[in-house]
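Visitor: here is a sequence together with a model predicted from it:
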Amino acid sequence: MGREMLTNSLVELDRQHLVHPVSSFRGHEARGVRVLRSAKGATVTDSEGRELLDGFAGLWCVNAGYGHESVVEAAAEQMRRLPYATGYFDLGSEPPIRLAAALADRAPGNLNHVYFTLGGSDAVDSTIRFVRYYWHALGQPDRDQFISVEQGYHGSTTMGAGLTALPGFHDGFGVPYAWQHKISSHYLYRNPLGDDPQAVIDASVAELRAKVAAIGEDRVAAFYVEPIQGSGGVLVPPAGWIKAMRDLCTELGILFVADEVITGFGRTGPIFASADEGIVPDLLTCAKGLTSGYVPMGAVIMSDHVYEVIAEGAGAKAVGHGFTYSAHPVSAAVALEVLALYEGGIFENGIRAGKRLMAGLETLRDHPLVGDVRGRGMLAAVELVTDKTLKTPLPAEMQPATRLFDRAWEQGLVIRSFAQGIFGYAPPLCCTDEEIDEIVARTRKVLDITLDDPEMRAVLR
């Protein structure tokens, strides 16, 4: 069967049977799938042989880059020796034990206890259960109210989607729940207070304090936040914002949960972005870069005091939360090898590449369509507008997400294209200088093509 015939067959099978995540079912049926065939380093190849620079590392996750044979060997060797071991009944296996110790050693402060999940969404979901158990153990079961931040993303399980503050994850699902509350995002570019960092910090602290007071200080269980809001448009808080919110949670006796599913494992520079902020959360979630996306795995890393309260509260009873594939030995073996690659030079390369990426994207500010450039390390965004003074977003009728993604694809670039007209970047940390420069150059080409779009010309100011 020829490549074209095979591709057509796969497209039709996909259309008939495979349900894609976060997609318009009817829209996907009409467009069809783009099939990826192989990948190496920061380059992916589709079924037609087209090579593209992956400026988004899959889904913010292939931090080490594609094609590391040592990772494949680690998985294969573990599969040969012990492909599965349950963590139930006090059983275990070597790779997750060693991985838990390695993560505890590298996590901030007293984050010393690790519960493994299959990914980021169920890591967040697990924290909700652990937080509730914590307060029950302390004899405060009425602390059952949770607060997160507008435009934040905390996964797609039912409870996590409620903490998420993006309408697309709520519509038709009956979430958020009444016990899930939100405060405003820091979103500097579009903050009503302007771009004065201290004013934004002060306003957010005041809003969280007021929200807790309105709910009742003896009712609020936890506050959730991403160090950088990813799916909300790569929104970078002002320096000091995260620490101010953490300090307020400490003052009010509320658990602080750092969702580092996107920001972990060198994405912003250090292994965890909490180090950028100088904070130690009560609980930290991670996934994605933990295995560089090679196999599914996530984790909840909890502080000593959270662990001890839960342990003492349970006593001889089992803490009734668990997954069949928690602490999977193959996933853990992969994560250990990925960590060795990171610390063998990929983290250092990511820091250099991140500086080059941010410098390159800054050169796009002079483009008529670019309203804002923001980011930290290898996590960045370029926000498009039709009027730089008024910060007018691209019109929804232009369907920016689909149109801009398609144009980037045509230029040999994979990036995230948000519905409001924002390009998101999260390239593999292994990128060379030439690859970073190409990501920027191809972005400028997409901008130029979009600028010449008659529909864009009609609304540009």
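Guide: In hand now; what should we look at?
Visitor: and residue 125, what helix or strand is that in?
Guide: helix 120-137 (DSSP states H and E).
Visitor: how far off centre is that helix?
Guide: Taking C-alpha atoms, centre = their mean, to the nearest Å, one finds helix 120-137 lying 19 Å from the centre of the chain it belongs to.
Visitor: and what of stretch 425-441?
Guide: 19 Å.
Visitor: what lies in contact with it?
Guide: Outside stretch 425-441, the residues that touch it by C-beta atoms under 8 Å, 6 or more residues apart in numbering are 41-42, 53-57, 60, 62-66, 234, 262, 266-267, 342, 346-347, 349-350, 353, 356-357, 360-361, 363-364, 375, 378-382, 413, 415-416. Just so you know, the C-beta spots here come from the backbone N, C-alpha and C atoms, and that holds for glycine as well.
Visitor: mind giving me the ChimeraX select for the residues you listed, buried ones only?
Guide: Buried residues within these, by 16 or more other C-beta atoms under 10 Å, are selected in ChimeraX with:
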select :41,42,53,54,55,56,57,60,62,63,64,65,66,234,262,266,267,342,346,347,349,350,353,356,357,360,361,364,375,378,379,380,381,382,413,415,416
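Visitor: show me the contacts of stretch 425-441 that map onto helices.
Guide: 57, 60, 347, 349, 350, 353, 356, 357, 360, 361 (DSSP state H).
Visitor: residues of the helix holding residue 125 that come out buried?
Guide: 120-128, 130-137.
Visitor: do stretch 415-434 as well
Guide: 415-431.
Visitor: mind listing which of those residues are in strands?
Guide: 416, 417, 418, 422, 423, 424, 425 (DSSP state E).
Visitor: what sits against the third one?
Guide: This points to residue 418. Taking C-beta under 8 Å, 6+ apart, one finds 233, 400, 401, 424 in contact with residue 418.
Visitor: so in this protein, which strand runs the longest?
Guide: Max-length strand for the chain by DSSP E is strand 379-387.
Visitor: now the angle from it to helix 347-362?
Guide: 10 degrees (axes from the mean of the first three to the mean of the last three C-alpha atoms, to 10 degrees).
Visitor: what lies in contact with whichever helix or strand comes after strand 379-387?
Guide: Downstream of strand 379-387, the first helix or strand assigned by DSSP H and E is strand 392-393. Strand 392-393 is contacted from outside by 384, 385, 386, 420, 421, 459, 461, using C-beta under 8 Å, 6+ apart.
Visitor: among the residues you listed, which two are most distant?
Guide: Pairwise distances across those peak at 17.4 Å for 420 and 461 (criterion: C-beta to C-beta).
Visitor: so this protein: which segments form each domain?
Guide: 3-67+345-459, 70-341 (automatic domain parsing).
Visitor: just these: most buried one?
Guide: Ranked by mean neighbour count, these are led by domain 70-341 with a mean of 20 (mean count of other C-beta atoms under 10 Å).
Visitor: for it, what is the distance to the chain centroid?
Guide: With C-alpha atoms, centre = their mean, you get 11 Å for domain 70-341.
Visitor: wait, what's in contact with the closest residue to residue 137 other than its chain neighbours?
Guide: Once flanking residues are discounted, residue 137 sits nearest to residue 313: 2.3 Å by C-beta to C-beta, 6 or more residues apart in numbering. The neighbours of residue 313, taking C-beta under 8 Å, 6+ apart as the test, are 133, 134, 136, 137, 138.
Visitor: name the element residue 313 belongs to?
Guide: Assigned by DSSP H and E, residue 313 falls in helix 304-314.
Visitor: tilt between that helix and helix 120-137?
Guide: 60 degrees.
Visitor: tell me the spacing between the closest residue to residue 32 other than its chain neighbours and residue 31.
Guide: Spatial nearest neighbour of residue 32, chain neighbours left out: residue 11 (4.7 Å); criterion: C-beta to C-beta, 6+ apart. Counting by C-beta to C-beta, to the nearest Å, the gap from residue 11 to residue 31 is 10 Å.
Visitor: just residue 291 next, same as before
Guide: In terms of C-beta to C-beta, residue 291 sits 30 Å off from residue 31.
Visitor: and for residue 167?
Guide: 22 Å.
Visitor: next one: residue 78
Guide: Distance from residue 78 to residue 31, by C-beta to C-beta: 38 Å.
Visitor: and if you look at residue 267?
Guide: 29 Å.
Visitor: next: residue 49.
Guide: The value you get for residue 49 to residue 31, if C-beta to C-beta is used, is 20 Å.
Visitor: then residue 139?
Guide: 55 Å.
Visitor: backbone phi and psi for residue 166, please?
Guide: Residue 166 adopts backbone torsions of phi -130, psi 120, taken as degrees, to the nearest 10.
Visitor: SS state for residue 300?
Guide: strand (DSSP: H, G, I helix; E, B strand; the rest coil).
Visitor: dump the residue contacts of it.
Guide: Here residue 300 is in contact with 114, 115, 117, 123, 126, 127, 130, 283, 284, 285 (C-beta under 8 Å, 6+ apart).
Visitor: let me know the secondary structure of the closest residue to the first one other than its chain neighbours.
Guide: The reference is to residue 114. Take residue 114 and drop its neighbours on the chain: the residue closest to it by C-beta to C-beta, 6+ apart is residue 100, 4.0 Å away. Under three-state DSSP, the three-state class of residue 100 is helix.
Visitor: tell me the contacts of residue 100?
Guide: Contacts of residue 100 by C-beta under 8 Å, 6+ apart are 113, 114, 116, 327.
Visitor: who touches the helix or strand containing the first one?
Guide: With elements delineated by DSSP H and E, residue 113 resides in strand 111-117, which encompasses its position. By C-beta under 8 Å, 6+ apart, the residues outside strand 111-117 that reach it are 87, 96, 99-100, 103-104, 123, 126, 130, 280-281, 283-284, 287, 297-304, 306-307, 323, 326-328, 331-332.
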